[in-house]
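> when you get a sec, could you give me coordinates for this:
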Amino acid sequence: MTRLKTLLPLALLLSAALPAVAADEPKPGWHGSFGAGLSMNSGNSDAKAYNLGFDLKYDPKTKNLVKLGGLYLRSDANGQVTADKLTAALRDEYSFSDRFYAYGEIGFLHDKVARLDYLWSPGAGIGYRIVKTDTVKLEASAGFGGAIEKYEGRESTSGGAYRAGMSFEWKVSPAVGLTQKATGLWKSDDTGDAYYHLDLGLTTSLSKLLELKLAYLLDHKTRPALPTLEKTDTAFIAAVVAKF
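Below is the predicted model:
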């Protein structure tokens with residue numbers, strides 16, 4: 001977290017020196033972004049890490065909105081895998097008004113280091129856009145669905161699950177944006193078995209089509225596969241993102 005606090009002010013200073021880039025209103029249809037980052041160290045220790053991600057939206061400018069996103073993280077240090085994680089989600093939102101909407105969603109998680117073969121989390125619920133302006137967006141949602149989970153070397157389990165989430169976006173300037181996303185998933189037959197995710201991000205425009213993105217990710221599993229495994233997993237990523 002200290003690294004994040006150090007880099008965020010530096011990124012803001014960098015963005016202030018860049019020419020402001022006004023974002024055009026997306027046209028109806030598909031739009032989104034693809035990003036990639038890479039780091040390598042050598043010397044006393046050999047380490048490498050990379051990340052690949054995408055964020056797509058299908059917005060026909062009607063009451064329906066489709067969101068599709070995913071992120072893959074991989075890191076190795078001295079020949080050992082220290083991170084190998086894939087997350088993805090597909091979400092369909094239908095707006096009843098400018099603020100109120102219903103959604104259906106399915107999420108996927110694979111984490112080799114945590115010995116999680118897969119966690120499928122289909123569900124549906126309602127959401128409310130608490131703040132919706134050109135510069136600030138804040139919304140919250142809640143729902144119910146399922147959790148289909150399998151750990152390495154074990155049989156898969158399935159059952160109901162409660163879910164909740166919130167998202168925040170702040171367009172600090174035409175070239176700088178801050179985002180925050182938080183989600184929670186609780187098994188309905190045992191709410192003490194839960195999964196939490198937090199995503200803090202900063203983006204700054206490099207050009208009309210390219211952005212620099214810094215993100216801090218936190219995942220917390222209240223009951224990991226083994227008692228020896230950490231419950232909390234964090235990652236700091238930097239990536240160049242291409243928009244379309």
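
> tell me which helix or strand the most centrally placed residue in the chain sits in.
Most central in the chain under Cα atoms, centre = their mean is residue 199, positioned 5.5 Å from the mean C-alpha point. In the assignment (DSSP states H and E), residue 199 maps to strand 190-205.

> next SSE after that strand?
strand 210-221.

> can you tell me the average pLDDT over the following helix or strand past that next one?
Per DSSP H and E, the first helix or strand lying C-terminal to strand 210-221 is strand 232-243. Taken as a whole, strand 232-243 has an average pLDDT of 92.

> so which residues make contact with strand 232-243?
Strand 232-243 has contacts (Cβ atoms under 8 Å, 6 or more residues apart in numbering) with 1, 3-4, 31-37, 39, 51, 53, 73, 83, 111, 113-114, 203, 206, 209-220. The C-beta positions use only the backbone N, C-alpha and C, and glycine is treated the same way.

> coming back round to it: the strand holding residue 199 to strand 210-221, inter-axis angle?
Angle, strand 190-205 to strand 210-221, by axes from the mean of the first three to the mean of the last three Cα atoms, to 10 degrees: 170 degrees.

> ok so, going back, of the contacts of strand 232-243, just the buried ones, ChimeraX syntax please.
Applying 16 or more other Cβ atoms under 10 Å to the contacts of strand 232-243, the buried members can be selected in ChimeraX as follows:
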select :32,33,35,37,51,53,73,83,111,114,203,206,211,212,213,214,215,216,217,219,220
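
> before we move on, back to that, which residues touch the residue nearest to the centre of the chain?
By Cβ under 8 Å, 6+ apart, residue 199 lies in contact with 179-182, 215-218.

> run through who's touching stretch 53-71.
Against stretch 53-71 from outside (Cβ under 8 Å, 6+ apart): 26, 28-36, 51-52, 72, 85-96, 239.

> what about burial for the residues you listed, which qualify?
The neighbour-count test (16+ other Cβ under 10 Å) marks 32-33, 35, 51-52, 72, 85-87, 89-93, 95, 239 as buried among the contacts of stretch 53-71.

> show me which of those is closest to residue 122.
residue 90 (9.6 Å; Cβ to Cβ).

> show me what contacts the closest one?
66-68, 105-106.

> swap the cut-off to 10 Å and go again
By Cβ atoms under 10 Å, 6 or more residues apart in numbering, the residues touching residue 90 are 56, 66-70, 104-108, 122.

> got phi/psi on it?
phi -120, psi 130 (degrees, to the nearest 10).

> how near is it to residue 68?
5 Å (Cβ to Cβ, to the nearest Å).

> and if you look at residue 38?
Look at residue 38 and residue 68: by Cβ to Cβ, they are 24 Å apart.
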